[in-house]
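>>> model this:
(one chain, ligands or ions: 1)
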Amino acid sequence: MSQYRTPPVILRGQTLAFNGNPFKQDPSSTLRHECDGAVMLEGGRIIAAGRAGDVISANPGYDVTHYGDDALIMAGFVDTHMHYPQTDIVASYGEQLLEWLERYTFPEEQRYGDPDYARLMADVFLEQCLRNGTTSASVYATVHPESVDAFFQAASDRNMRMACGKVCMDRNAPAELIDTAQTAYDQSAALLKRWHGKGRNTYAITPRFAPTSTPEQLEALGALWQENPNALMQTHISENAEEIKWVTELFDDLPDYFGVYDAFGLTGPGAIFGHAIHLTDRERAAMAASGSAIAHCPTSNAFLGSGVFNMAVNRGTPISLASDVGGGPDFSMFATLRAAAQAARYHGHSLHPVQAFWLATIGGAEVLRMGDRVGNLAVGMEADLTVLDLKSTEQIARRIDRAENIEDTLFAQMILADDRAVRETWIGGVRQYQATLDR
Ligand SMILES: [Zn+2]
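Prediction:
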């Protein structure tokens, strides 16, 4: 991040940070909230954080941006499962998963062999992330290597910490989107070498899902991951009943869906499985034992009618939150949190607001193995922040006037807020998005 040698700056407002895991101890005890807090940013990092009076008096003479009492400064959101080539097909009508892929996704993805179109859409996608306060994500490109280059170039231009990978499919997709076991390996390996660990980029080995890969392709990608264990591995699992039945038919010699990925070395720390709604008890136990993680995509699951993920029965596995744009229609992590709260209620539980905000920041960062760098407002962390307006609409303002404490304030935001709540988004200590007043 050395190209961003900006002068130090102090941001003042309410601040939100965590000093523990709210799933392992009393949630409220993990929260560090300052009613009048400040963070100081320099060289792309947070170099001071705490009470405004302490930070400012210890660092006299520096610029202070004071956002006022109704602003909350927090780490940017981390979204662990998105498809940038599906940005323009969100809200397409009337299909479940497999028909949705066929009818909307595959035709659109065929356009991404054109580097200019891919770059245009990568820019559109990343701007949407910024205006929603999302600073890091794990992103699927398409089968075309050009689509990965375009994405990482666009992310690098904004200095965003992003993960992305070439989607691999060598069967059950249109001919224009098909690779082979060998080209999937070769192209993924070349992209990994070109981008992984360069600047803030992370490569994610990306078989789309078991039905669109032959055993040979899954084996090749498992080998590639074994050769590059620091890369991530992302795919889909157990999203839809029809899909699960199809997997058991295609891989009838293997125990179940998770067993397929496990057989080819595609499970373990750094593996991120999207959805995981309908896992069997055996699969849940095997996934927990493997060290893999889940990307819970509640807006997508509701939109496609896939089912309702039960967080409570999957607690043995690290869980993160994701929009799954474009199966999920909304870039906003507020919408994702709202849907996650509804999914929890469906199963008779409540998602505590502190747990919710932890999942949407640190929890996601840990799943992407970036938890030592992003996801929290703490000294030494990279300065990827969002500044929220806690009274972004009249309705929210009236509700916040009644809020009893910060937990209540956070809960009201997750149920009521949208992109209008995002005033600013900072990347590596540089402001990359600022809401206009006439929005
Ligand atoms: Zn997906």
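>>> residue ranges with poor pLDDT in the protein?
Residues of the chain that meet the criterion pLDDT under 70 lie in 1-5, 437-439.
>>> one more time with 90
1-7, 93-97, 436-439 (pLDDT under 90).
>>> quick check: domain ranges of it?
Domain assignment of the chain by automatic domain parsing yields the ranges 9-76+375-434, 77-367.
>>> how much space between residue 63 and residue 43?
Using CB to CB, to the nearest Å, we find residue 63 at a distance of 15 Å from residue 43. Just so you know, the C-beta spots here come from the backbone N, C-alpha and C atoms, and that holds for glycine as well.
>>> can you map out the strands along the stretch 251-400 of the chain?
Secondary structure of the stretch 251-400 of the chain (DSSP state E, counting those that start in this stretch): strands at 271-275, 293-296, 319-321, 385-389.
>>> The second one: partners in the sheet, and parallel or antiparallel?
It refers to strand 293-296. Here strand 293-296 is paired, per DSSP bridges, with strand 271-275 (parallel), strand 319-321 (parallel).
>>> Next: the last one.
Counting by DSSP bridges, the strands paired with strand 385-389 are strand 71-75 (antiparallel), strand 422-427 (antiparallel).
>>> about what we covered before: highest average neighbour count across the strands paired with strand 293-296?
Mean neighbour count, computed with mean count of other CB atoms under 10 Å, is highest for strand 271-275 among the strands paired with strand 293-296, reaching a mean of 27.
>>> ok, residue 63 and residue 43, which is more surrounded?
Comparing residue 63 with residue 43 by neighbour count (other CB atoms under 10 Å), the higher total belongs to residue 43, at 15 against 9.
>>> How about the residues of the protein by the ion?
Taking CB under 5 Å from the ion, the part of the chain that reaches the ion is made up of 274, 324.
>>> Look through the chain and tell me its longest helix.
Longest among the helix segments of the chain by residue count, using DSSP state H, is helix 115-131.
>>> Packing partners of the very next helix or strand once past it?
Once the chain leaves helix 115-131, the next helix or strand it forms, by DSSP states H and E, is strand 134-140. Packing partners of strand 134-140 (3 or more CB pairs under 8 Å, 6 or more residues apart in numbering; DSSP states H and E): strand 77-83, helix 115-131, strand 162-165, strand 201-207, strand 232-237.
>>> How about the contacts made by the residue nearest to residue 199 when sequence neighbours are not counted?
Nearest residue to residue 199, sequence neighbours excluded (CB to CB, 6 or more residues apart in numbering): residue 156, at 5.2 Å. Taking CB atoms under 8 Å, 6 or more residues apart in numbering, we find residue 156 in contact with 198-201.
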